[in-house]
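S.K.: Pasting the sequence and the predicted coordinates here, then a few questions.
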Amino acid sequence: MNATDLRSVLADAEHSGAYFVADTDTEAMAQAGAALGYAVLRIDLAGCTDKTELMRRFATAGQFPGWFGGNWDALADVLGDLSWLRGDGYLVLVEHASDWRAAHGEDFDTLLDLLNEAAFRWAEQDTAFWALLPFPAEQLAALDD
């Protein structure tokens, strides 16, 4: 997909959500989000050992306010607000998500649910919120099975 097509897809708030993408597209996705004027949050989960560390990485990347409580409910709250970030939409790139999924399957499912819920809430306000989870091609193909 070329850059123009990618920006067209990401500009459509109605189809926002959490999606698995090829890890080779990570940079193109980040650039397309920036070109659209979105706040781009890159959360790298490489070596992330537990939920506490996951929350810390989200908080750091998203510049979360001091009231962030570091639990699932607090994450849902901040993803539904993001008023401290400037942007015409939001692009959350959760890098190395395959490692987190392999080690923390139930927490991964919870995270995916929260990201999708945030996208649906933002879409109701006609604001794009994309949560993209880059996976290696061989793992991405297995997700389709």
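M.R.: Structure's in. What do you need?

S.K.: Next, count neighbours for residue 135.
M.R.: Neighbour count of residue 135, defined by other CB atoms under 10 Å: 20. Placement of C-beta: from N, CA and C, glycine included.

S.K.: so what's the closest residue to residue 128 other than its chain neighbours scoring on pLDDT?
M.R.: Closest residue to residue 128 apart from its sequence neighbours, by CB to CB, 6 or more residues apart in numbering: residue 89 at 3.4 Å. What the model reports for residue 89 is a pLDDT of 96.

S.K.: right, and residue 89 touches residue 126 too?
M.R.: No. Residue 89 sits out of contact with residue 126 when judged by CB atoms under 8 Å, with a separation of 9.7 Å.

S.K.: Those two: which has the busier surroundings?
M.R.: Shown here are residue 89 and residue 126; by other CB under 10 Å, residue 89 has more neighbours (20 against 9).

S.K.: Kindly list the main-chain dihedrals of the more buried one?
M.R.: Dihedral pair for residue 89: phi -170, psi -170, per degrees, to the nearest 10.

S.K.: any idea how far it is from residue 110?
M.R.: The gap separating residue 89 from residue 110 is 24 Å, by CB to CB, to the nearest Å.

S.K.: Ok, residue 99 next?
M.R.: Distance of residue 99 to residue 110, computed by CB to CB: 16 Å.

S.K.: So for residue 142, what's the pLDDT?
M.R.: 68.

S.K.: Over to residue 22?
M.R.: Model confidence at residue 22, given as pLDDT, is 87.

S.K.: Next: the one 5 residues further on.
M.R.: At residue 27 the predicted local confidence, pLDDT, stands at 91.

S.K.: Quick one: neighbours of it, just the number.
M.R.: 11.

S.K.: The residue nearest to residue 52 when sequence neighbours are not counted: neighbouring residues, count only.
M.R.: Leaving aside its chain neighbours, residue 52 sits nearest to residue 70 (6.8 Å; criterion: CB to CB, 6+ apart). A count of neighbours around residue 70, defined by other CB under 10 Å, yields 14.

S.K.: now do the one 10 residues further on
M.R.: Residue 80 is surrounded by 15 other residues when neighbours are defined as other CB under 10 Å.

S.K.: Show the contacting residues for it.
M.R.: Residues in contact with residue 80, defined by CB atoms under 8 Å, 6 or more residues apart in numbering, are 117, 118, 121, 122.
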